[in-house]
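Trainee: One predicted model, sequence on top.
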Amino acid sequence: MINYGELGMTYKEKYNQWLGFADDATKAELTAITDEKEIEDRFYKDLAFGTGGLRGIMGAGSNRMNKYTVGKATLGLARYLKSKSDGEISVVLAYDTRNNSQYFAKIAAGVFASQGIKAYIYEMVVPVPVLSFTTHYLNCTAGVMLTASHNPKEYNGYKVYDDKGCQFCTQDAKNAISFINAITDYSEIPFLDESELITYIGEKELSAFLAEVKKQSLYEEKSDLKIVYTPLHGTGNIPVRRMLEGLDVTVVKEQELPDGNFSTVRSPNPEEKDALTIAIEKAKEIGADLVLGTDPDCDRVGIAVKDGSDYKLFTGNQTGALLVKFVLTMKKAQLNEKSTLVKTIVTSELGANIGRKFGLQVEETLTGFKYIGDKINKYEQLGEQEFVIGYEESYGYLVGTHARDKDAVVSSMLICQMAAWYKNQGKTLVDGLNEIYAEYGYYLDFLDSFVLKGKDGAEKIQSLMTQFRDTGKALFDGIDDIIDFSTGIRDLPKENVLKYIWNDGSWMAVRPSGTEPKIKIYYSIVDADKANAQTRLDSIREKISSIIDG
């Protein structure tokens with residue numbers, strides 16, 4: 001992050017600098033701002049290109065997503081890629097249904113072309129896993145996806161992938177950031193509208209991706225399973241429906257088509273209860289067994305399952321545990337001593353324990369699916385382990401190595417096959433989950449997210465992390481260990497995460513979001529009694545809220 005004070009510039013001087021070089025539309029937006037605090041927030045820093053790329057609110061200013069900040073990131077990335085290779089360099093670009101995603105992708109393609117880099121760009125919206133797949137399918141040097149995933153409509157983002165289709169991890173990200181931060185003059189960014197180096201791609205590449213997804217199919221017996229699916233106005237509509245052909249699927253018409261304003265939901269995030277409200281109403285109307293919802297870039301999927309006369313929403317940990325059991329049961333004959341399950345440090349131990357019972361190795365990564373993708377890359381290089389399944393509590397799952405990111409297309413296919421497998425046994429996914437609890441114990445997992453916006457919010461998040469560190473084991477009775485991932489744990493990169501572990505195996509993790517103005521608190525309570533677990537969770541959450549709101 002560039003601090004303009006260190007460069008001898010105030011936010012107001014930076015604002016005036018932009019008025020000097022920006023296009024007419026940008027100047028008009030900036031001069032219309034009358035709130036000085038708003039001007040400060042737009043210019044007190046550069047929108048940081050972090051280990052997850054860019055993500056921010058769209059608008060004019062150095063701390064916003066716009067053609068100039070996208071151009072700067074692209075120019076810096078182009079220079080980094082050229083520093084690594086003397087040969088031909090190519091990049092594939094894709095975008096989701098968000099406002100300006102296609103526009104930003106075309107801006108990036110033009111900047112790459114200005115640097116002599118060949119740019120392949122999708123002619124239609126596609127999911128994140130398609131971009132991940134296409135990067136190595138076309139033997140490209142890198143890939144760029146324009147998306148802000150499940151963020152509210154005001155946001156957009158810019159994610160960078162390596163030649164294997166894995167998001168840039170620690171070293172690549174650090175190197176790219178140094179090249180990007182070296183660009184301090186936005187007026188030097190070259191924008192090209194057309195170039196012979198820009199090639200449009202589409203149906204051929206998407207079909208190749210879907211063919212790879214189909215190879216992961218595990219159960220195709222006939223079933224009378226009824227499914228309601230919503231793409232939440234995003235990229236999943238076509239690819240997910242193609243993978244569910246032959247099943248009884250009803251699509252939520254109000255949420256079928258692309259809509260960058262996500263006008264039928266408060267937030268297009270399948271992790272949030274109300275995102276599936278319309279789909280659940282449709283399910284009640286037709287008596288569906290399963291509700292399925294994918295986020296705008298179709299890398300996450302949330303489900304609700306018919307449970308009597310109502311529908312039970314599943315957490316990412318619950319769906320992940322069910323998928324682990326289903327996949328390993330179906331692949332049992334193919335498993336060996338190299339077979340490995342990968343999860344993140346804030347994901348429940350339930351699925352991992354299922355994996356261990358099947359004889360799998362279990363590895364943990366930091367939060368972020370890129371670290372799971374990086375594990376897949378390493379397994380292929382070394383040959384000592386074989387990736388079977390990876391998942392994170394935030395509704396992201398991957399089976400197969402066609403992508404190096406979470407994939408809601410393959411996950412949707414497998415979840416529906418899993419539900420059909422259970423239904424053919426006279427059971428629902430609720431029954432399947434209860435069977436898991438009966439065998440492995442009850443796990444109550446929950447996530448609290450506290451939004452703290454702007455400069456003041458960023459400072460408060462930093463202060464809270466210091467407070468949690470200083471309090472230590474005195475925070476709660478019975479804490480057996482505290483893991484501070486900022487010190488470097490095992491072979492993991494350093495990250496600002498604290499994990500408190502109780503002596504019964506329950507835990508709580510505290511982590512600032514890397515992509516949103518939030519501090520996140522993850523809870524995992526292990527208890528033989530469901531009511532006791534809920535009472536304990538409520539008590540812990542109440543104390544944490546008082547600390548953060550105090």
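Mentor: Received, thanks. Numbering: from 1, shown residues only.

Trainee: Against which helices or strands is the top helix by length along the chain packed?
Mentor: Longest among the helix segments of the chain by residue count, using DSSP state H, is helix 530-549. Applying 3 or more Cβ pairs under 8 Å, 6 or more residues apart in numbering; DSSP states H and E, we find helix 530-549 packed against strand 442-451, helix 454-471, strand 518-527. In short, each C-beta sits where N, CA and C put it, glycine included.

Trainee: go with 7 Å
Mentor: Here helix 530-549 touches strand 442-451, strand 518-527, going by 3 or more Cβ pairs under 7 Å, 6 or more residues apart in numbering; DSSP states H and E.

Trainee: So what's the gap between that helix and the chain middle?
Mentor: 27 Å (Cα atoms, centre = their mean, to the nearest Å).

Trainee: okay, now residue 80: neighbour count?
Mentor: 20 (other Cβ atoms under 10 Å).

Trainee: Please name the nearest non-neighbouring residue to it.
Mentor: When the adjacent residues along the chain are set aside, residue 80 lies closest to residue 179, with 4.2 Å between them (Cβ to Cβ, 6 or more residues apart in numbering).

Trainee: Please tell me how far that neighbour sits from residue 173.
Mentor: 11 Å (Cβ to Cβ, to the nearest Å).

Trainee: helix, strand or coil for residue 380?
Mentor: Using DSSP: H, G, I helix; E, B strand; the rest coil, the structure places residue 380 in helix.

Trainee: Can you show me the helices along the stretch 201-350 of the chain?
Mentor: Ranges of helices in the stretch 201-350 of the chain, per DSSP state H, counting those that start in this stretch, are 203-214, 237-243, 277-286, 316-330, 350-357.

Trainee: Check the offset of the helix or strand following the last one from the chain's centre.
Mentor: It stands for helix 350-357. Using DSSP states H and E, the helix or strand that follows helix 350-357 in sequence is strand 361-365. From the chain centre to the centre of strand 361-365 is a distance of 19 Å (Cα atoms, centre = their mean).

Trainee: pLDDT averaged over strand 361-365 - what is it?
Mentor: Across strand 361-365, pLDDT averages out at 97.

Trainee: Can you lay out the helices of the stretch 201-350 of the chain as JSON lines showing mean pLDDT, distance to residue 100 and mean neighbour count?
Mentor: Converted to JSON lines, those look like this (pLDDT from 0 to 100; distance: least, Cβ to Cβ, whole Å; neighbours: other Cβ atoms under 10 Å):
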{"stretch": "helix 203-214", "mean pLDDT": "98", "distance to residue 100": "22", "mean neighbour count": "16"}
{"stretch": "helix 237-243", "mean pLDDT": "98", "distance to residue 100": "20", "mean neighbour count": "21"}
{"stretch": "helix 277-286", "mean pLDDT": "98", "distance to residue 100": "25", "mean neighbour count": "18"}
{"stretch": "helix 316-330", "mean pLDDT": "98", "distance to residue 100": "29", "mean neighbour count": "24"}
{"stretch": "helix 350-357", "mean pLDDT": "97", "distance to residue 100": "37", "mean neighbour count": "21"}
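
Trainee: Ok, which of these comes nearest residue 83?
Mentor: Nearest of the helices of the stretch 201-350 of the chain to residue 83, taken as Cβ to Cβ: helix 203-214 at 28.0 Å.

Trainee: Could you verify my assumption that residue 197 touches residue 120?
Mentor: No - if you go by Cβ atoms under 7 Å, residue 197 and residue 120 don't touch, sitting 9.8 Å apart.

Trainee: Give me the more crowded residue out of the two.
Mentor: More neighbours surround residue 120 than the other of residue 197 and residue 120, with 22 against 18 (other Cβ under 10 Å).

Trainee: low-confidence ranges in this protein?
Mentor: Low-confidence segments of the chain (pLDDT under 70): 1-8, 51, 515.

Trainee: repeat that for 50
Mentor: Low-confidence segments of the chain (pLDDT under 50): 1-6.

Trainee: Contacts made by stretch 423-437 with the rest, please.
Mentor: The contact list for stretch 423-437, computed with Cβ atoms under 7 Å, 6 or more residues apart in numbering, reads 221, 223, 225, 289, 305-307, 312, 318, 321-322, 325, 419, 422.

Trainee: one more time with 8 Å
Mentor: 221, 223-225, 289-290, 303, 305-307, 312, 314, 318, 321-322, 325, 350, 354, 418-419, 422, 443 (Cβ atoms under 8 Å, 6 or more residues apart in numbering).

Trainee: What is the end-to-end distance of stretch 219-232?
Mentor: 26 Å (Cα to Cα, to the nearest Å).

Trainee: What of stretch 296-309?
Mentor: Stretch 296-309: ends 29 Å apart by Cα to Cα.

Trainee: Let me know which of the helices and strands packed on helix 530-549 is tucked in deepest.
Mentor: Of all the helices and strands packed on helix 530-549, strand 518-527 has the most neighbours on average by mean count of other Cβ atoms under 10 Å, namely a mean of 21.

Trainee: any idea of the angle that one forms with helix 350-357?
Mentor: 50 degrees (axes from the mean of the first three to the mean of the last three Cα atoms, to 10 degrees).

Trainee: Outside of strand 518-527 itself, list whatever touches it.
Mentor: Here strand 518-527 has contacts from 317, 346, 348-349, 393, 441-452, 461, 464-465, 504-513, 533, 536-537, 540-541, 544, 548, using Cβ under 8 Å, 6+ apart.

Trainee: Just checking: what are the partner strands of that strand?
Mentor: Here strand 518-527 is paired, per DSSP bridges, with strand 442-451 (antiparallel), strand 507-512 (antiparallel).

Trainee: Format those as CSV; extra columns: distance to residue 475.
Mentor: Listed next are these as CSV, based on distance: least, Cβ to Cβ, whole Å:
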stretch, distance to residue 475
strand 442-451, 15
strand 507-512, 9
